[in-house]
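Asks: when you get a sec, could you give me coordinates for this:
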Amino acid sequence: MTIQLDSHLDQLLPVTFARLLTLCGFDLTDPNFKDTPNRMGKVYKELLYGHSLAAAQELQNHLLKTFPSDLDEMVVVRNIDSVGVCPHHILPVSYTTHVAYIPDQKVIGYSKIPRLVKILSSRAVLQEQLVSDVADVLMNSLQPQGVAVHMTGIHACAKIRGVKSHDADMVICCLRGCLKNPDSKAEFLSMIAGK
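Replies: Predicted coordinates for the structure are as follows:
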């Protein structure tokens, strides 16, 4: 599902959260809750930044910047922290992501990979789709020989409600191109493990 967050949300979100809190019985004249609707609006606008036109423009502007290179070895960026929300409950998901690619005559600036992960994470998206989106964007924009994305997600929806599984996390590894090769995959997994 594609949605676009627009500037009108700056006014709409606080009003919506104020109504929700009032329906739940909160007294918004209480000093502890007086500014809560505004804070909630800012939080969710940030958590859903990846759906905004600004995010789409940021991705377009930064991912077009590549540099020529003869390197044909694996490039790995580890321990990228990001936050998004699950689409089922709109509760936070904390991700740790490792990304690798093997260049094909061009490389991307180091900081662009964490930027890509953070933007794509800040959406209401299933982790299964998110890991695939990161891999696909890198494959399409950088056209490397291969891409690997390893993502661990800690889902508040499973931690604080329902099953209340405090220690469970979800791990997904997505491979594209030559990184599907068992030897390359093993090298990637070894590198992200720090061995």
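Asks: roughly how far is the helix or strand encompassing Ser94 from the heart of the chain?
Replies: Applying DSSP states H and E as the criterion places Ser94 in strand 92-102. Distance of strand 92-102 from the chain centroid (Cα atoms, centre = their mean, to the nearest Å) equals 8 Å.
Asks: now it: mean pLDDT?
Replies: The pLDDT scores in strand 92-102 average 97.
Asks: try stretch 158-172
Replies: Average pLDDT, stretch 158-172: 88.
Asks: neighbouring strands - and their directions - for the strand holding Ser94?
Replies: strand 75-85 (antiparallel), strand 146-155 (antiparallel) (DSSP bridges).
Asks: quick one: contacts of the first one?
Replies: Counting by Cβ atoms under 8 Å, 6 or more residues apart in numbering, strand 75-85 makes contact with 47-48, 50, 91-103, 107, 110, 113-114, 117-118, 121-125, 130, 188, 191-192, 194, all of which sit outside it. Quick note: C-beta positions are derived from backbone N, CA and C, even for glycine.
Asks: make a PyMOL selection of the buried ones in those residues.
Replies: Provided next is the PyMOL selection string for whichever of the contacts of strand 75-85 are buried by 16 or more other Cβ atoms under 10 Å:
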select buried, resi 47+48+50+92+93+94+95+96+97+98+99+100+101+102+103+107+113+114+117+118+121+122+123+124+125+130+188+192
